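*Asks:* here is my input; please provide its structure:
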Amino acid sequence: MATNRDLSIAVIETFGSQCESALRLFEGLSASGIRTCRYLSELSPSLVAHIHANDIDKGACAQIERNLALNHSELEIDSKVCLTNADCNLILRQHAMNEMEHFDVIDIDPYGSCVPFLNASFAAINDGGLLCLTCTDLSILCGNDAHAAFRKYASLPIHDKIMHEHAIRMILHRVANVATLNECSVEPLLSMFCDYYIRIFVRVRKSKNSSNQLSLNLADVYYCYKCSIWKTQPLVERNSKHDNVARSTSTSTSTSTSSSTGVARITAATVHDDCVHCVLCKSKNKKFGPIWSGHLYNEAFVGKLVETLRQRFSYVPTHDRLLGKLLIIQRECKLNHVPYFVHHNYFALKVSTACPQMKNAVFRSVLENAGYQWSLSHCTPDATKTDAPFTFICRVVKEWLIKHDINAQSVRVQNNVIAQKLLSGNAALPSDDTIIDFSLTKNAKDANKEKLFKMTPKNWGPKKAASSSKNKASNCSEMDVDDTDNKDNMSPTITVKHVCVAPPLTEREGAAEAEAEAEAAHGDEDEDEAEAEAEAERLSKMECANGGYQDTADLNSADSSTRRKISMTHKLEWV
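*Replies:* Numbers count the residues shown, from 1 in each chain. Predicted structure coming up:
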């Protein structure tokens, strides 16, 4: 998760530089506290007013205190950091009661889904605040368990090449649903698939009118598994008839209507024929989603983020890899309105297994020569994001087959129904006079030379989730709370006794040190127990017939552990 932490620091630094006042941060699932340590040490001091670290595990809270004490002065910690041992949702609900205690940045980074924490997060965040979310349950989001995906995200996943971007849009769909329940709207600033998780940053606006508009960014996905062709269909659309009537009567009435307040009425969208049937093979499509069909990025914010990463955080170990992803996303911003990407070779193999492989530069050159926009996709290096319709892409594959002497009469495609339809002209594709030119363009060739995709680090992947429940806090009574001045609003001010910070400390180092200490302590205990047993055996030999000791000096010299051992074996009473 080093990439996740590096990215979060850069995003919060960029976000804070655009705010008028210092930020109040909340990290609800702190674990070892390394993220809190880095926020305190690496973010600009003028941007941070307060950091609240929390974890439900007592052992984790103790580790947070040790990690903070290793890296920062006690004065800095007492003035900026507070630590609690409680349920994340409970702390958020307490702060939601008092608007003065709302947070500007809430960071939710759990094992699995972030959905259980969304409701409380929207209640406790300030208007215009930043909500940072992580989901690591990609197995569910990518279609291995449709029941769990629908239960958590109210959306059906797609198990195919576009599954990772589909997963991002499923999460944003759920975030938008919960936001509307709290009369909030969300604006995605950055949405990224990386390694084994998805990281999303959204700006929250507390406005009922704005939340009503979120439904216009939701859509169903109609997908053909035979051809890997997809089509999105909005869930709702603007009611233009009502808008026209409202505009014509707005000058003669003062009645409060949705249109008079700047909010358009919505109605059910009409399903088009190309959603029901595949445009190529004409088989019935399957419906997935709903998803978030709106923008995944804020272009201005991403541009500022790239600049911040280069100027302020060039020292982080994942700088090159992170910068490469952000540069790809920056280019994706010009196609922000286009959901999903095209994997042209995968699509061509669905059409015909005899289709020769088409290099990425060739396919992208065809798009550019035809006047369509394209960019790389940060999800996979072999994908291309484009505004070209699938009807044009089908024609490109057809011309590519013909270019390699594969036609409807070829032996290699005689048993392939889809290839026969495409090559024989029975696919009923809309007429298109766009010229297909396979000559390479400079932009397409340069895209391969840049090598913006970097290899994943060694031993990357999720660690085992904490399973012990003995250290979990059952209620707020186990926190170090001083609520003498907050009895009215029931929102306690929590203080921490010892805490401090350092970037060099890593989770792996902290875990190794803790394990070594535990082993050493266990070894000392074994030695003490062996010595106590030997001493008990020696003293037992001195026992008299009446149950007393002959030598009181030996009795008085026995240490407490030996006495406890003797009392267990001989039932002696000590005066």
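*Asks:* C-alpha only now, for contacts and for neighbours.
*Replies:* Noted.
*Asks:* could I get the buried residue list for stretch 81-94?
*Replies:* For stretch 81-94, the neighbour count (16 or more other C-alpha atoms under 10 Å) marks 81-89, 91-94 as buried.
*Asks:* confirm Asn459 sits in a helix?
*Replies:* No - Asn459: not assigned to a helix; according to DSSP: H, G, I helix; E, B strand; the rest coil it is coil.
*Asks:* and it, how close does it get to Leu218?
*Replies:* 37 Å (C-alpha to C-alpha, to the nearest Å).
*Asks:* neighbour count winner among those two?
*Replies:* Leu218 (25 against 6; other C-alpha atoms under 10 Å).
*Asks:* pLDDT wise, what is that one at?
*Replies:* Looking at Leu218, its pLDDT is 96.
*Asks:* where in the stretch 251-400 of the chain is pLDDT low?
*Replies:* Residue ranges of the stretch 251-400 of the chain with pLDDT under 70: 251-264.
*Asks:* in the strand or helix carrying Leu423, what counts as buried?
*Replies:* Using DSSP states H and E, Leu423 sits within helix 417-424. For helix 417-424, the neighbour count (16+ other C-alpha under 10 Å) marks 418-423 as buried.
*Asks:* sorry, back to before: closest one of the buried residues of stretch 81-94 to Leu47?
*Replies:* For the buried residues of stretch 81-94, the minimum distance to Leu47 (C-alpha to C-alpha) is 13.9 Å, reached by Val81.
*Asks:* the closest one bridge partners, please.
*Replies:* Ile51 (DSSP bridges).
*Asks:* so which other helices or strands are in contact with the helix or strand Gly289 falls within?
*Replies:* Taking DSSP H and E as the criterion, Gly289 maps to strand 286-292. Counting contacts by 3 or more C-alpha pairs under 8 Å, 6 or more residues apart in numbering; DSSP states H and E, strand 286-292 is packed against helix 163-181, strand 218-224.
*Asks:* name the residues of that strand that are buried.
*Replies:* For strand 286-292, by 16+ other C-alpha under 10 Å, it's 286-292.
*Asks:* show me which of the buried residues of helix 417-424 is closest to Leu133.
*Replies:* Comparing every one of the buried residues of helix 417-424 with Leu133 (C-alpha to C-alpha), the shortest separation belongs to Ile418, at 41.8 Å.
*Asks:* surely that closest one is in contact with Cys281?
*Replies:* Yes - under the criterion of C-alpha atoms under 8 Å, Ile418 makes contact with Cys281 at 5.9 Å.
*Asks:* circling back to that earlier point, which residues are contacting the next helix-or-strand element following the helix holding Leu423?
*Replies:* For helix 417-424, the following helix or strand on the C-terminal side (DSSP H and E) is helix 442-450. Contact with helix 442-450 is made by 360-362, 364-365, as judged by C-alpha atoms under 8 Å, 6 or more residues apart in numbering.
*Asks:* next, count neighbours for His50.
*Replies:* With other C-alpha under 10 Å as criterion, His50 counts 19.
*Asks:* could you measure from it over to Gly28?
*Replies:* Taking C-alpha to C-alpha, one finds His50 at 14 Å from Gly28.
*Asks:* kindly report the same for Leu335.
*Replies:* Distance from Leu335 to Gly28, by C-alpha to C-alpha: 34 Å.
*Asks:* more neighbours: which of those two?
*Replies:* More crowded of Leu335 and Gly28, by other C-alpha under 10 Å: Gly28, with 26 against 18.
*Asks:* pretty sure Lys385 sits in a strand.
*Replies:* Yes - assessed by three-state DSSP, Lys385 belongs to a strand.
*Asks:* pLDDT weak spots in the stretch 1-150 of the chain?
*Replies:* Scanning the stretch 1-150 of the chain for pLDDT under 70 picks out no residues.
*Asks:* rewinding a little: need the contact partners of the strand holding Gly289.
*Replies:* Contacts of strand 286-292 (C-alpha under 8 Å, 6+ apart): 154-158, 166, 169-173, 217-224, 235.
*Asks:* what do you get for stretch 311-323?
*Replies:* Contacts for stretch 311-323 (C-alpha under 8 Å, 6+ apart): 2-3, 6-7, 10, 306, 309-310, 452-455.
*Asks:* and which of those is nearest to Ile56?
*Replies:* Ala2 (22.4 Å).
*Asks:* quickly note the distance from the closest one to Asp195.
*Replies:* Distance from Ala2 to Asp195, by C-alpha to C-alpha: 11 Å.
*Asks:* now do Tyr111
*Replies:* When Tyr111 is compared with Asp195 (using C-alpha to C-alpha), they lie 15 Å apart.
*Asks:* next: Leu189.
*Replies:* Leu189 is 20 Å from Asp195, by C-alpha to C-alpha.
*Asks:* more crowded one of the two?
*Replies:* Neighbours were counted for Leu189 and for Asp195 using other C-alpha under 10 Å; Leu189 has more, 21 against 16.
*Asks:* roughly how far does the more buried one sit from Arg395?
*Replies:* 36 Å.
*Asks:* okay then, goodbye and thanks.
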